[in-house]
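Asker: Next comes the sequence, and after it the predicted model I'd like to discuss.
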Amino acid sequence: MPSNLHNARINRLIIDDILKVVYAPHKVFKDIVTNPKYLGALIVLILFIGLEVGYEYSQFTKTYTEQTTPTIDQLSSFTNATAWSSPNAILTNNFADYINYSVYVAGFGLPPQDPKAYYSLYGNSSLEMQTNNTSSITATLTNTTDVDCSPSGFQNFTISLKQTEAPQNAILKLYSFRTADFYQYDLTPLMSSTSKLNEWNNLTIALGPNAAGWTPHGNNPQWYNITSLELDFNYPSSSNITVEIGALFFHGQYLSPVQYNSTGVALQFLQLFSLQFLIAWFVFTGIIYLLCRIMKSSVTWKALFVAIGFAMFIMVIRGLVNLAATLTMPTIYYPYDLSLGLRFDPYAALYYPVEALRSLPAASVTIFNSINSATYAFRTIVTAMFIVSYVWLGAVGTMVIGALRPEFSLVKRITISAVSLGLVILVLIFLVGSI
């Protein structure tokens with residue numbers, strides 16, 4: 001029992017010392033360097049990692065990216081001629097006429113100014129349907145891999161096509177399980193009145209039980225399981241007809257990274273913030289230690305190392321403020337063409353680089369501007385906390401040096417702390433990418 005009371009008292013004193021880093025740093029660092037305890041620094045490490053992971057989780061629970069079928073990196077598979085069948089049209093891939101739509105991909109690890117950082121979403125060809133002296137085209141995408149178009153699934157279907165002649169009527173069929181069970185949509189008004197001949201036209205149609213314009217056929221088609229689709233175009237007279245499809249996919253389902261990869265998110269940020277803290281701790285300590293030795297003034301490694309560990313409590317406060325800053329964020333929805341370009345800035349906040357906007361259409365740029373405005377307060381707080389926390393940490397580092405080497409002048413202490421912290425920031429940028 002006395003032993004337990006003694007341990008509890010020691011732990012309480014350590015917590016008190018951690019808090020005194022904020023309100024009584026001069027006094028507490030004299031005590032820490034006299035009797036350094038690793039436990040206090042380890043508590044600071046655990047608090048930092050916990051708050052920073054919480055900061056990312058809070059940010060991610062408010063960030064949704066648009067999902068597609070096929071997946072964003074396989075959109076061209078639905079315009080591959082081998083995936084289609086037709087009883088009356090010749091199906092080929094046209095490599096001379098296609099939609100050249102390249103978007104920035106953060107995962108390539110290249111800056112947005114580099115042409116190699118961009119990926120062609122729809123591939124380098126279009127699906128071409130050709131008929132000779134006929135009045136209709138029927139083509140079937142034989143396997144859509146069980147697309148969920150229920151209220152919790154994909155809410156939109158997009159097709160981009162180019163036609164040489166407007167059809168008299170055009171029908172889209174979405175099959176569910178069997179060929180006898182399907183939903184039918186009349187494309188005629190879209191293809192006859194709003195489409196321009198010999199130009200790419202983008203048609204986006206709402207899906208699901210609440211979407212207008214769909215007629216069910218058969219016994220019991222189900223929106224949660226769309227297994228194939230069919231396009232039927234009929235023309236007023238027989239002729240040579242060419243229809244090209246540059247893009248065709250399901251989209252409109254938004255998920256946060258926490259929903260589809262919570263374990264991966266946790267492991268990624270546990271590693272990131274553990275490395276960030278440990279590297280900063282060791283490098284900050286090591287440079288101060290070396291500079292003191294260069295100045296022919298020895299310091300005890302353990303005392304300096306533990307004191308810097310306590311000083312890193314400033315970063316815990318930064319993490320707490322950053323976590324609170326996520327409360328200013330509204331829920332953000334990134335469309336599929338922006339989602340691939342999301343990356344982390346040095347403060348571990350998600351963003352899309354402005355330099356990559358040049359490849360996007362006006363609609364996506366408008367969404368980007370809206371998101372940028374909505375997250376302005378959050379980004380301002382996080383950026384300000386970076387400046388405040390490192391200036392504060394530099395000041396606290398000056399006090400640590402003063403506690404170890406009181407004979408150093410204030411100018412010398414400030415210089416050692418500032419140089420050391422500047423090198424810490426550079427090392428973090430190059431090794432971790434997060435400061």
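Answerer: Now that the structure is in, tell me what you want to look at. Residues are numbered from 1 along each chain as shown.
Asker: At which residues are the helices of the stretch 301-435 of the chain located?
Answerer: 301-311, 313-325, 336-339, 362-374, 376-404, 410-431 (DSSP state H, counting those that start in this stretch).
Asker: Not counting the second one itself, show me its contacts.
Answerer: Okay, so that is helix 313-325. 18, 21-22, 44, 47-48, 51-52, 54-55, 58, 277, 280, 347, 377-378, 381-382, 385-386, 388-389, 392-393, 396 (Cβ atoms under 8 Å, 6 or more residues apart in numbering). Every C-beta, even on glycine, is put in place using the N, C-alpha and C of the backbone.
Asker: Could you save the helices of the stretch 301-435 of the chain as JSON lines and add columns showing mean neighbour count, mean pLDDT and distance to F250?
Answerer: Output for these, formatted as JSON lines (neighbours: other Cβ atoms under 10 Å; pLDDT from 0 to 100; distance: least, Cβ to Cβ, whole Å):
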{"stretch": "helix 301-311", "mean neighbour count": "22", "mean pLDDT": "96", "distance to F250": "52"}
{"stretch": "helix 313-325", "mean neighbour count": "21", "mean pLDDT": "97", "distance to F250": "35"}
{"stretch": "helix 336-339", "mean neighbour count": "21", "mean pLDDT": "95", "distance to F250": "11"}
{"stretch": "helix 362-374", "mean neighbour count": "14", "mean pLDDT": "95", "distance to F250": "18"}
{"stretch": "helix 376-404", "mean neighbour count": "19", "mean pLDDT": "95", "distance to F250": "32"}
{"stretch": "helix 410-431", "mean neighbour count": "16", "mean pLDDT": "95", "distance to F250": "40"}
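Asker: Compare those helices and give me the one nearest V105.
Answerer: Nearest of the helices of the stretch 301-435 of the chain to V105, taken as Cβ to Cβ: helix 336-339 at 10.0 Å.
Asker: Show residues contacting the closest one.
Answerer: 65-68, 72, 101, 103, 121, 251, 352, 360-361, 364, 367-368.
Asker: And the strands in the stretch 201-350 of the chain, which stretches?
Answerer: Listed in chain order, the strands of the stretch 201-350 of the chain (DSSP state E, counting those that start in this stretch) span 201-206, 214-217, 228-255, 332-334, 343-344, 350-351.
Asker: which stretch among those comes nearest T188?
Answerer: strand 228-255 (9.2 Å).
Asker: Partner strands of the closest one, with direction?
Answerer: Strand 228-255 has the following strand partners under DSSP bridges: strand 63-69 (antiparallel), strand 126-141 (antiparallel), strand 156-163 (antiparallel), strand 169-176 (antiparallel).
Asker: hmm, back to that, compare the helices of the stretch 301-435 of the chain and give me the one nearest G208.
Answerer: Comparing those by Cβ to Cβ, helix 336-339 comes nearest, at 17.9 Å.
Asker: any idea how far that closest one is from the chain center?
Answerer: Taking Cα atoms, centre = their mean, to the nearest Å, one finds the center of helix 336-339 at 9 Å from the center of the full chain.
Asker: what does stretch 206-215 give?
Answerer: The answer for stretch 206-215 is 30 Å, by Cα atoms, centre = their mean.
Asker: next one: stretch 162-176
Answerer: Counting by Cα atoms, centre = their mean, stretch 162-176 comes out at 36 Å from the chain centroid.
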